[in-house]
Every structure is written in C-alpha cells, then in structure tokens.
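Q: starting from these lines, generate the structure:
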Amino acid sequence: MPFITITRMFGSGGSDVAARVAGALQWSLFDNAVIDAVAERSGLTPAEVSAQEEHVPSLVERLASALSLGSPEILPPVPNSPMQTTEEQIVAVTGKVIEEAVQHGPAVFVGRGAQCLLASRSDALHAFCYAAPEKLIENAIHRRGVAPEDAERRVRDENRHREQYVRRHWNRDWRRPENYDLWLNTGSLGIDGAADLVIDAARRRFRL
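A: Presented below is the predicted three-dimensional model:
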C-alpha cells in the first residue's frame, strides 16, 4: 500500500500540510489518531503519550522512571545498558501501530519517526516541512498559540527534541536531505502550496 510521511519542524505547519494531502487523496490521516491508538494499547492517557512522543528524556527523568518501578527502600544500581523508559515503550507501540496501519490502505503519517520506521519500503513518499527561524516563531505564536516571549525558546527546544529523538532511536540525522524525497519550505510556499507539491508528487509516484 502506498503511503506518505510528513516530517515537520515545529512551527512549519506540517500537520496542516498532511491534513490537506490526506483530504485531497482521500487517504487515512495518522496524526492525533496515532496518539489515541498508542494510548489505548499502552494503558497511558493521550496526554501522557503526547507529552512523551518525539522527546528524549533527560538522565534524571530516565532514572526516576526506572526507580519508580522498584522498591522505594532499595535503590538499584544504574545498569550499564540503556534502561527502558516510558518513551521507549511508546516508540515500540507506535512502530506497531504505524506498521499495522500501512497494511490497511493508503495513509499519510505525521512525524513520530515514521520516515525512519518505514525507510526501507519502496511504496513510500517522504517529505520534510521547514521554514526560516523567524517564520517558525511567527507561526508558533499565531497558529499554535505560543506566548510571544516564549516562542523562540519553544521552537528551538521542540526542534532539538525531535532531532535528538530520531538520532536516539534510529541513529539517523533528522535533517539530512537523503532521508526525504521532498523538502518543502512552508514559509515561502504556504500550507496549500506545500500540500499541492506533495499531492502532485504522490500522483506521479503512485500513478494515481
């Protein structure tokens, strides 16, 4: 089954691009739907999954997660191998959700490492949405409701987390051009312009 992955910088409007693409092609959209499916399977709430996804926990967070599973009276030694955390459990469940979704029909996946999980497949179109820093900040304020005084830090932190998340779990460079078929500057193309390019590329690639 053909599918599209949309990787996006925070503030680029990539989720809106994906929604327009899915609507135009009449394909299933997996954005917040992935959060709901992962929450249902993992026993977490959607809010907990959303807070963990695409973020790499600090060492303190990882230790706290591990210690919370053991006896409070006895502190276990820090293991030499990486500890499994809620984040890692979410990644594993997310992978299963995405792999199963691919089998059920054409789909558009937003973020969550889908471009890495499905990198070896030939029936894929991978796109990366980005914009200049000032445009990301502007969109974070006006489209995402981020306070102006926090917008620059939020954009920087969110994109750093996403980059680290991909490197940690798949040892890939989130920004490397060869990981994608399309690079889309939503700051100059706009949401509709970027979506049109993905739709046109999909129709050519998959002969729709």
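Q: so for the nearest residue to W183 once chain neighbours are set aside, what pLDDT did the model give?
A: Using CB to CB, 6 or more residues apart in numbering and skipping residues adjacent in sequence, the residue nearest W183 is F128, 5.3 Å away. No exception for glycine: its C-beta is placed from N, CA and C like everyone else's. As summarised for this prediction, F128 has a pLDDT of 97.
Q: so F128 sits in a strand?
A: Yes - according to DSSP: H, G, I helix; E, B strand; the rest coil, F128 belongs to a strand.
Q: what's the local residue count around it?
A: 23 (other CB atoms under 10 Å).
Q: separation between it and S188?
A: Distance, F128 to S188, by CB to CB, to the nearest Å: 15 Å.
Q: do the same with P106
A: P106 is 28 Å from S188, by CB to CB.
Q: neighbour count for the two, which is higher?
A: The residue with more neighbours, out of P106 and S188, is P106; 18 against 11, by other CB under 10 Å.
Q: give the contact list for the more buried one.
A: If you count contacts by CB atoms under 8 Å, 6 or more residues apart in numbering, P106 has them with M1, P2, F3, L25, W27, S28, F206.
Q: take those and keep only those in helices.
A: L25, F206 (DSSP state H).
Q: so which of the contacts of P106 is the most crowded?
A: F3 (24 neighbours).
Q: could you pull out the helices in this structure for me?
A: Using DSSP H, helices in the chain cover 14-25, 32-42, 46-52, 59-67, 86-102, 114-117, 133-142, 148-170, 186-206.
Q: chain center to the first one, what's the gap?
A: Relative to the centre of its chain, helix 14-25 is centred 15 Å away, using CA atoms, centre = their mean, to the nearest Å.
Q: check what contacts it and list those residues.
A: So helix 14-25 is contacted by 4, 6-8, 27-29, 31, 106-111, 127, 129, 143, 184, 186, 191-192, 194-195, 198-199, 202, 208 (CB under 8 Å, 6+ apart).
Q: done for today, thanks.
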